[in-house]
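Trainee: coords below, sequence missing:
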């Protein structure tokens, strides 16, 4: 998975948006254009992005052209020179050379360690693997260029206790990687983390296929630089965030990109949180429980079917990264937001909200839209509590509401 194709956007003016004519987004034709939500000067460092969309003029926040490599998208492993390893309880396995490794076995107290040259690519094919540990990851990637974890059967990994650090490395996930990690395949991976994260990497995390059932005390999926999803069936039950990407050292990173896949999320805190950007180009996302459904500094939704049941903010743009302005931008998709009663907002921005296309159906007893700068309805259909809107007004109240948040 290639990464760091990010662009810096600082909004200058957004007064002419109503003149734009947009069509719905989806997978299909590649197109390029200028941004629909901002006007940038000629000295901007941003470059035009190319993404997979149907005929629409749209400039996406992330340059998605090369996010996924050909090998990332291959759902089977080349077993020509593969090495086969049968796991044994109480015996760790260390992989020191590049190549394809086929693992099998129902074991306890085993960590599969990857410690190769930093330019090596390793593919681990899980072929009926069950690993149960007390305080150590089931897979621990110390060094490599990229590691692929591929499934073709049903597999389960569980850590039942509190993780023990490896020197200065705070191990905190059932699958823990210090480098790029790609999850793919045609099988299923069940992850149970009673005290920590489900799957975590200090670099980039890609998911391009397979089925994943993750139950975690902390984040279900966590990455420092990015989480990029091409496809897959992903079910997450988390006592923290379901998806979390954050980089404290580089504020242009910590983003989440979703091109496709089917998601069912129940999270005690955030459903999908990227500190810089969350860009959704497709997929079916159902968030049955959360404080905040989707959160980032800049949120761009271009397509997809999204349903959010939230107890605080359904979609929330907050100032988490100075690299981007604080914006919610809706260009397409079918979005349903159902809000709990109380001090809640269906769509909240500590900056601006722009709806340029798509369909939004909001049920909110308190506030449907809350913003600090401006809100513009330039296209699409927005329905709040059964009423079709012609404009976005700050803190629109549902039936029986009063007051408002400002």
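Mentor: Arrived safely. Since the model is a prediction, treat every value here as computed from it, not as a measurement.
Trainee: close enough to count as contact, residue 71 and residue 148?
Mentor: Yes - between residue 71 and residue 148 there is a contact under Cβ atoms under 8 Å: 7.2 Å. Quick note: C-beta positions are derived from backbone N, CA and C, even for glycine.
Trainee: Okay, now the unreliable bits of the stretch 51-200 of the chain?
Mentor: For the stretch 51-200 of the chain, the stretches flagged by pLDDT under 70 are 51-58.
Trainee: Do you have the helices of it handy? List them.
Mentor: Here the stretch 51-200 of the chain has its helices, by DSSP state H, counting those that start in this stretch, at 70-73.
Trainee: what touches both of residue 71 and residue 148?
Mentor: Common neighbours of residue 71 and residue 148 (criterion: Cβ atoms under 8 Å, 6 or more residues apart in numbering): residue 121.
Trainee: who has more neighbours, these two?
Mentor: residue 148 (23 against 16; other Cβ atoms under 10 Å).
Trainee: So what sits opposite that one in the bridge?
Mentor: Per DSSP bridges, the residues bridged to residue 148 are residue 123, residue 182.
Trainee: Quick check: it vs residue 262, distance?
Mentor: 21 Å (Cβ to Cβ, to the nearest Å).
Trainee: Then residue 198?
Mentor: 17 Å.
Trainee: out of those two, which sits in the busier spot?
Mentor: Neighbour count, other Cβ under 10 Å: between residue 198 and residue 262, residue 198 has more, with 28 against 15.
Trainee: The more buried one against residue 172, yeah?
Mentor: No - checked against Cβ under 8 Å, the pair residue 198 and residue 172 is beyond contact range at 10.1 Å.
Trainee: Can you tell me which residue sits nearest the middle of the chain?
Mentor: residue 256 (4.0 Å; Cα atoms, centre = their mean).
Trainee: host element of it?
Mentor: strand 255-258 (DSSP states H and E).
Trainee: now stretch 228-236: how far from the chain's centre is it?
Mentor: Distance of stretch 228-236 from the chain centroid (Cα atoms, centre = their mean, to the nearest Å) equals 9 Å.
Trainee: how about stretch 90-101: buried residues?
Mentor: By 16 or more other Cβ atoms under 10 Å, the buried positions in stretch 90-101 come out as 93, 95, 100, 101.
Trainee: what sits up against that stretch?
Mentor: Stretch 90-101 is contacted by residues 77-79, 81-85, 87, 103, 107-117, 120-125, 144 when judged by Cβ under 8 Å, 6+ apart.
Trainee: Tell me where the model's unsure across the stretch 301-406 of the chain.
Mentor: Low-confidence segments of the stretch 301-406 of the chain (pLDDT under 70): 395-406.
Trainee: Show me the strands in it, by range?
Mentor: In the stretch 301-406 of the chain, the strands defined using DSSP state E, counting those that start in this stretch lie at 305-310, 313-317, 327-330, 334-339, 345-349, 352-355, 359-363, 367-371, 374-377, 381-384, 387-388.
Trainee: Output those strands as CSV; include the columns distance to residue 60.
Mentor: Output for those, formatted as CSV (distance: least, Cβ to Cβ, whole Å):
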stretch, distance to residue 60
strand 305-310, 17
strand 313-317, 16
strand 327-330, 10
strand 334-339, 17
strand 345-349, 19
strand 352-355, 14
strand 359-363, 19
strand 367-371, 22
strand 374-377, 19
strand 381-384, 22
strand 387-388, 28
